[in-house]
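> model the structure of this input:
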Amino acid sequence: MADKKAITAQLDRLTLYPTTPPETASPDSPTPSIGLPVSGVDKIIAEIRDRICGRVEVEEEWWCISLSREEFKAFEARFEAEGDYRWPKYDYFPQLAKFVLRMAGTTHENVIRRFERTVTRQLDIIEQSDDQVAADFARDVHPGGSPKIESDGGSHHPDGSFAHKDAGVECVILEVSHSQQRQDLPFLADEYILGSNGRTQVVIGIDLEYRKEKGKEARVTIWRPRYIEEDGEAVLEAAETETGIFRAVDGSLVNGERNLRIRLKDFGYWPNCLGIDDISGEITISFPQLYEIVQAAEAIAEQRDRERRKIQQENHRKRRRVRSPPEQLTESDEERFKAAEKRVKRQLSDQDSDYIPE
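Purely as a prediction, here's the structure:
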């Protein structure tokens, strides 16, 4: 049986060197779009592998590249064929022809986890309250992590999400970004709210300034679904309903009297959650709490960075295990790789007919 490296190499060659144009193409015909995915897809795969293997010093946690719809289809086929658990989260904005690769750092991940823990603790308090309707609802609200959300040709992996078990969609979504990616947050809100036809009730964006020369400003922004009338018809939009700075450029707390509020019924959606309009209660996170979440996350990141530098400077004799020869593919593995190879071929050969320009 062929080993996994040989199969993966075969898939690499398939995507990097697409099949030749159809015989019906004349010398004067435009170059078929089947050859377009090569550069964009190859750059993304190379960037992912370099980051996983530590071959590059990552300065930006969000890495962006222009990518057509055709190229994104080829990337998805490639990802399905050879992606593994270490591959990072990504976003694709079809209207912007923009691909974003996410590699969250320590601060980023700690802000997400601490925010989720703050929400969960308040849900636990509501669950123990005397309001039985609210308590029963809160008991069935759970964090959903970072699921893949697809809509209108786009694909996204939010930093965090919450929903009632009967909702069927991610109703409350969290995104944590750098100031350099601030411009992407409204588009992400569009993707989540419009892509779910208004079922996503709240998108929370926490925007952090990581560059020391730019200061330490941090802000939070909320988007919700809203219908407006346009030419006599109701039009759904993702409306920015609240925004505020909770940490100033100098790193001090500001707007300490303000609160971020998430209604308990925001975690569900009618009619999947019957009686949701009768549910009262809310999650309240003060700006001082948001400030402490970010401060604590940054302190942990700084401590880990100092410890990492110490480890690099220490001199220890080490004995590592020797890796065994590549494992042989089982029959089911070979069938899976063959099926993936066929899908790659089909994706590439069908792109001309599938792509509809804007």
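
> how far does stretch 244-252 sit from its chain's centre?
Computed by C-alpha atoms, centre = their mean, to the nearest Å, the chain-centroid distance of stretch 244-252 equals 26 Å.

> check stretch 112-125 too.
Relative to its chain's centre, stretch 112-125 lies at 20 Å (C-alpha atoms, centre = their mean).

> and it, what's its mean pLDDT?
Over the span of stretch 112-125, the pLDDT mean works out to 96.

> tabulate the CA atom coordinates of that stretch in CSV.
Provided in CSV are the C-alpha atoms of stretch 112-125 (Å, rounded to 0.1, in the frame of the first residue of the first chain):
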residue,chain,number,x,y,z
ILE,A,112,-12.1,34.7,24.8
ARG,A,113,-12.0,32.2,27.6
ARG,A,114,-12.4,34.7,30.3
PHE,A,115,-15.3,36.4,28.6
GLU,A,116,-17.0,33.0,28.1
ARG,A,117,-16.4,32.2,31.8
THR,A,118,-18.0,35.5,32.8
VAL,A,119,-21.1,34.8,30.8
THR,A,120,-21.4,31.2,32.0
ARG,A,121,-21.1,32.2,35.6
GLN,A,122,-24.0,34.6,35.2
LEU,A,123,-26.1,32.0,33.4
ASP,A,124,-25.4,29.7,36.4
ILE,A,125,-26.7,32.4,38.8
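
> report the longest strand in the protein, please.
If you go by DSSP state E, the chain has its longest strand at strand 233-247.

> which ones are touching the most centrally placed residue in the chain?
Nearest residue to the geometric centre of the chain (C-alpha atoms, centre = their mean): H157, 2.5 Å. H157 makes contacts with 89-91, 102, 146-149, as judged by C-beta atoms under 8 Å, 6 or more residues apart in numbering. Using the backbone N, CA and C atoms, a C-beta is placed for each residue, glycine as well.

> where does the stretch 51-200 of the chain have low pLDDT?
For the stretch 51-200 of the chain, applying pLDDT under 70 flags the ranges 54-61, 82-87, 179-180.

> related to what we said a few turns ago, who does the residue nearest to the residue nearest to the centre of the chain when sequence neighbours are not counted bridge with?
Once flanking residues are discounted, H157 sits nearest to K89: 3.6 Å by C-beta to C-beta, 6 or more residues apart in numbering. Counting by DSSP bridges, K89 is bridged to R102.

> count the neighbours of K89 for me.
Neighbourhood size, K89 [other C-beta atoms under 10 Å]: 15.

> helices of the stretch 151-300 of the chain, residue ranges please.
In the stretch 151-300 of the chain, the segments counted as helices under DSSP state H, counting those that start in this stretch are 185-195, 287-313.

> winner for burial among those?
Most buried of these, by mean neighbour count (mean count of other C-beta atoms under 10 Å): helix 185-195, with a mean of 22.

> could I have the CA atoms of stretch 311-327 written out in CSV?
Written as CSV, here are the backbone C-alpha positions of stretch 311-327 (Å, rounded to 0.1, in the frame of the first residue of the first chain):
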residue,chain,number,x,y,z
ILE,A,311,13.7,28.5,28.5
GLN,A,312,15.5,29.4,25.2
GLN,A,313,18.5,30.7,27.1
GLU,A,314,18.9,27.6,29.3
ASN,A,315,21.2,24.8,28.4
HIS,A,316,19.9,21.2,29.0
ARG,A,317,21.0,17.9,27.5
LYS,A,318,18.0,16.3,26.1
ARG,A,319,17.1,12.9,24.7
ARG,A,320,14.2,12.8,22.2
ARG,A,321,12.3,9.8,21.0
VAL,A,322,13.0,8.5,17.5
ARG,A,323,10.1,8.7,15.2
SER,A,324,9.0,5.4,13.7
PRO,A,325,8.7,4.9,9.9
PRO,A,326,5.5,6.3,8.3
GLU,A,327,2.5,4.2,9.0
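
> could I get the average pLDDT for that stretch?
Average pLDDT, stretch 311-327: 83.

> next one: stretch 210-227
If you average the pLDDT values across stretch 210-227, you get 89.

> buried residues in it?
By neighbour count on 16 or more other C-beta atoms under 10 Å, the buried set for stretch 210-227 is 210, 216-225.

> end to end, how far does that stretch reach?
End-to-end span of stretch 210-227 (C-alpha to C-alpha, to the nearest Å): 35 Å.

> check the offset of that stretch from the chain's centre.
17 Å.

> surely A238 and A189 touch.
Yes - between A238 and A189 there is a contact under C-beta atoms under 8 Å: 4.3 Å.

> which neighbours do the two have in common?
Taking C-beta under 8 Å, 6+ apart as the criterion, A238 and A189 both touch 203, 223.

> so which of the helices of the stretch 151-300 of the chain is nearest F115?
helix 287-313 (5.9 Å; C-beta to C-beta).

> that older thread, got a markdown table for the helices of the stretch 151-300 of the chain, with distance to T107 too?
Listed next are the helices of the stretch 151-300 of the chain as a markdown table, based on distance: least, C-beta to C-beta, whole Å:
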| stretch | distance to T107 |
| --- | --- |
| helix 185-195 | 17 |
| helix 287-313 | 4 |
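
> among those helices, which is nearest V202?
The minimum distance between V202 and the helices of the stretch 151-300 of the chain falls on helix 185-195, with 9.0 Å, by C-beta to C-beta.

> sounds good, over and out.
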